[in-house]
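Trainee: Need a 3D model of the following:
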Amino acid sequence: MTPPRPLDWEVILDRLSSFYHRGDWRVPYLRNHAENPFQVLVGTILSQRTRDENTDAASARLFARYPGPQELATAPLGTLETLIHSTGYYRTKARHIRATSQAILDRFGGHVPADRELLLTLPGVGPKTANCVLVFGYGLPAVPVDTHVHRIANRLGLVRTRTPEQTETEIVRKVPRDYWIPLNPVLVQHGQNICRPIGPRCGACPIIDYCATGVALRAGRAPPRKEDRPRASRRRARRPNAGRRRRSRRPAGALSSIH
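Mentor: Alright, predicted model coming up:
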């Protein structure tokens, strides 16, 4: 039984970049064409728990009216909520965006810090958002880990982790720094198109020979993650009585409350 090949990031990034027509990942295009760090920061806050198209539309509306921290820090909350409503959790996001804008003005002279630990002190900024600012705003090596990167890293067998934060820690430890910048854009695109959460298209995957999950599925074996196993296999793995309804332990005669 052939095991997956040892992970070779040169080959993996070459194949994925070619497959998605991204060009040469070695060219530091992000460093030479970095986006506005503040807009990357706000856009990533908006992107939390929503689709890319919702983020793009809301960002365009927001920045057309309030392009920088000076404008956003004093923007009425109600107006911000209306502009970003389509992203979901808009009240929380609006508060975070306004508070972060004010903090950038008060603490950093209106400039977004190019430092992960300082970014993490801003309202609404977690590890993924901080790393997105470093990569896409400044072209600095970091690993933004979203659900796609987390899932694919586990499917490949690179990590065995439960959270994106744990995955980031392991990737930083195991993957050479030269590969950090292209890792997120390439894996996110792969996760959206081929290595999908449900029904991954392993037959079309250009890196299946490096993937512990793909190799196992192709050989008819159970892959490492339970959630990637075929439904029939998952049903067989359940306990015999798992589908039976549990008896209520409520004392006889007790009534349930209706709310």
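
Trainee: Return the residues in contact with Asn131.
Mentor: Arg116, Ala142, Val143, Pro144, Val145, Glu168, Asn184 (C-beta atoms under 8 Å, 6 or more residues apart in numbering). In this view, the C-beta of every residue, glycine as well, is placed from N, C-alpha and C.

Trainee: From the contact counts, what lies against the one helix or strand the last one maps to?
Mentor: Per DSSP states H and E, Asn184 falls inside helix 180-193. Packed against helix 180-193 by the contact rule (3 or more C-beta pairs under 8 Å, 6 or more residues apart in numbering; DSSP states H and E) you find helix 9-19, helix 147-156, helix 164-174.

Trainee: Which residues does that helix contact?
Mentor: With contact meaning C-beta under 8 Å, 6+ apart, helix 180-193 is reached by 13, 16-17, 20, 22, 25, 28, 30-31, 131-132, 135, 139-149, 151-153, 171-172, 175, 197, 201.

Trainee: quick one: buried residues of it?
Mentor: Using 16 or more other C-beta atoms under 10 Å as the burial criterion, the residues of helix 180-193 that qualify are Trp180, Ile181, Pro182, Leu183, Asn184, Pro185, Val186, Leu187, Val188, Gln189, His190, Gly191.

Trainee: likewise stretch 104-122?
Mentor: Neighbour-count burial for stretch 104-122 [16+ other C-beta under 10 Å]: Ile104, Leu105, Val112, Pro113, Leu119, Leu122.

Trainee: Also stretch 62-70?
Mentor: Buried residues in stretch 62-70, defined by neighbour count with 16+ other C-beta under 10 Å: Leu62, Phe63, Tyr66, Gly68, Pro69.

Trainee: does the third one really touch Ala73, like I thought?
Mentor: By that I understand Tyr66. No. If you go by C-beta atoms under 8 Å, Tyr66 and Ala73 don't touch, sitting 9.0 Å apart.

Trainee: Low-confidence ranges, this protein, go.
Mentor: Within the chain, the segments meeting pLDDT under 70 span 1, 28-34, 232-259.

Trainee: Nearest residue to the middle of it?
Mentor: Asp146 (1.2 Å; C-alpha atoms, centre = their mean).

Trainee: Show me the domain layout of this structure.
Mentor: Domain ranges of the chain: 9-21+141-227, 35-138, per automatic domain parsing.

Trainee: wait, which of those domains is closest to Thr2?
Mentor: Ranking the domains of the chain by proximity to Thr2 (C-beta to C-beta) places domain 9-21+141-227 first, at 7.0 Å.

Trainee: now do the same end-to-end measure for that closest one.
Mentor: The first residue of domain 9-21+141-227 is 25 Å away from its last residue (C-alpha to C-alpha, to the nearest Å).

Trainee: Now the element after the helix holding Asn184, going C-ward?
Mentor: Counting by DSSP H and E, the next helix or strand C-terminal to helix 180-193 is helix 212-218.

Trainee: Nearest spatial neighbour of Leu16, chain-adjacent residues omitted?
Mentor: Once flanking residues are discounted, Leu16 sits nearest to Val186: 4.7 Å by C-beta to C-beta, 6 or more residues apart in numbering.

Trainee: So the one you found versus Gly139, what's the distance?
Mentor: The gap separating Val186 from Gly139 is 16 Å, by C-beta to C-beta, to the nearest Å.

Trainee: Which residues does stretch 87-97 contact?
Mentor: The contact list for stretch 87-97, computed with C-beta under 8 Å, 6+ apart, reads 42, 45-50, 54-55, 58, 72, 77, 80-81, 84, 123-124.
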